[in-house]
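this one's sequence-less:
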């Protein structure tokens, strides 16, 4: 984990991305491209902060055309699976909202295909949909 954290810091420094923490942020994290700034909600758990930072760093890497470096950072790590699980949860929430769907109307396999993820994430999809159903 320490090696990953160092790689994250190095990537943030190389891209000149500034990270700030705010307990009143209305979401877990946000990348503000015009300021090259990542805001993280400091009132969430440290694990969720790390996942939110990774998610927002992905946006920064996309803007700076260095997604390959971001992929290498996460490749094969436990954080990759956690980051993808976090992303799946966020994507499902947005997908339901934008399409005005109830969780039971979503086909998990189709959603995985649309997201470009393998079927090993199907249990995560089902768990996230179940959480949304009971929310």
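Received the coordinates, thanks. The structure displayed is predicted, hence computed values, not measured ones.

mind pulling up the phi and psi values for residue 102?
Main-chain dihedrals, residue 102, degrees, to the nearest 10: phi -90, psi 150.

sorry, that was for residue 69
The phi/psi pair for residue 69 (degrees, to the nearest 10) is phi -70, psi -40.

quick check: which element contains residue 61?
Using DSSP states H and E, residue 61 sits within helix 46-63.

list the contacts of the residue most central in space within the chain.
For the chain, residue 55 is the residue whose C-alpha lies nearest the centre (C-alpha atoms, centre = their mean; 3.4 Å). Contact analysis of residue 55 by C-beta atoms under 8 Å, 6 or more residues apart in numbering lists 28, 29, 83, 86, 87, 90. Quick note: C-beta positions are derived from backbone N, CA and C, even for glycine.

isn't the first one up against residue 48?
Yes - contact between residue 28 and residue 48 holds when scored by C-beta atoms under 8 Å: they sit 5.9 Å apart.

lowest-confidence member of the contacts of residue 55, which is it?
Lowest in pLDDT among the contacts of residue 55 is residue 83, which has 67.

ranges for the strands of the chain?
Assigned by DSSP state E, the strands in the chain fall at 18-22, 29-32, 37-41.

quick one: closest of those strands to residue 116.
Residue 116 lies closest, by C-beta to C-beta, to one member of these: strand 29-32, at 20.5 Å.

other SSEs contacting that closest one?
Contacts defined by 3 or more C-beta pairs under 8 Å, 6 or more residues apart in numbering; DSSP states H and E place strand 29-32 against strand 37-41, helix 46-63.

which one of the contacts of residue 55 is nearest residue 113?
Checking the contacts of residue 55 against residue 113 by C-beta to C-beta gives residue 87 as the nearest, at 15.4 Å.
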